[in-house]
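*Asks:* Please find the sequence and the predicted model below.
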Amino acid sequence: MTEDADGIPAVGAAVHDSVRDRVGRVMGHVGPYIQLRPLSGGHEWDADPDRLRPLSPAELLSALVAEANARSRQRR
């Protein structure tokens, strides 16, 4: 995960939020929080940067496949 000098994940990084047990992409930073959005888009949520961890390439691929599968089930 790309981080700035303060250890904050960079915009665009894919991370796991352990508080919500969700995967999201960093959209920005406001105050002490980081705004995350689901990988496939949707509503942002605020996350504590201390409770985020980077996704491995395998975890990112798995999350993207899971979201694509969920979307394909909804369109039927």
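*Replies:* Arrived safely.

*Asks:* middle-most residue in the protein, spatially?
*Replies:* Within the chain, one residue has its C-alpha closest to the average C-alpha position: by C-alpha atoms, centre = their mean, that is Gly24, at 1.6 Å.

*Asks:* Which positions are bridged to that residue in the beta structure?
*Replies:* With DSSP bridges applied, the residues forming beta bridges to Gly24 are Val15.

*Asks:* Pretty sure His43 sits against Leu36.
*Replies:* No: the pair His43 and Leu36 does not pass the contact test of C-beta atoms under 8 Å, sitting 10.0 Å apart. (C-beta placed from N, C-alpha, C; glycine too.)

*Asks:* circling back: check contacts around the residue nearest to the centre of the chain.
*Replies:* For Gly24, the set of contacting residues under the criterion of C-beta atoms under 8 Å, 6 or more residues apart in numbering consists of Ala14, Val15, Asp17, Leu36, Arg37, Pro38, Leu39, Trp45, Ala47.

*Asks:* Pretty sure the fourth one sits against Val30.
*Replies:* No: in terms of C-beta under 8 Å, Leu36 does not count as a neighbour of Val30; the distance is 11.8 Å.

*Asks:* Between these two, which contacts overlap?
*Replies:* With contacts taken as C-beta under 8 Å, 6+ apart, the residues that reach both Leu36 and Val30 are Asp46.

*Asks:* so where do the helices sit in the chain?
*Replies:* With DSSP state H as the criterion, the chain has helices at 57-74.

*Asks:* And the closest residue to Leu52 other than its chain neighbours, how close does it get to Arg73?
*Replies:* Excluding its sequence neighbours, the residue lying closest to Leu52 (C-beta to C-beta, 6 or more residues apart in numbering) is Val15, at 4.4 Å. Between Val15 and Arg73 the computed distance is 25 Å (C-beta to C-beta, to the nearest Å).
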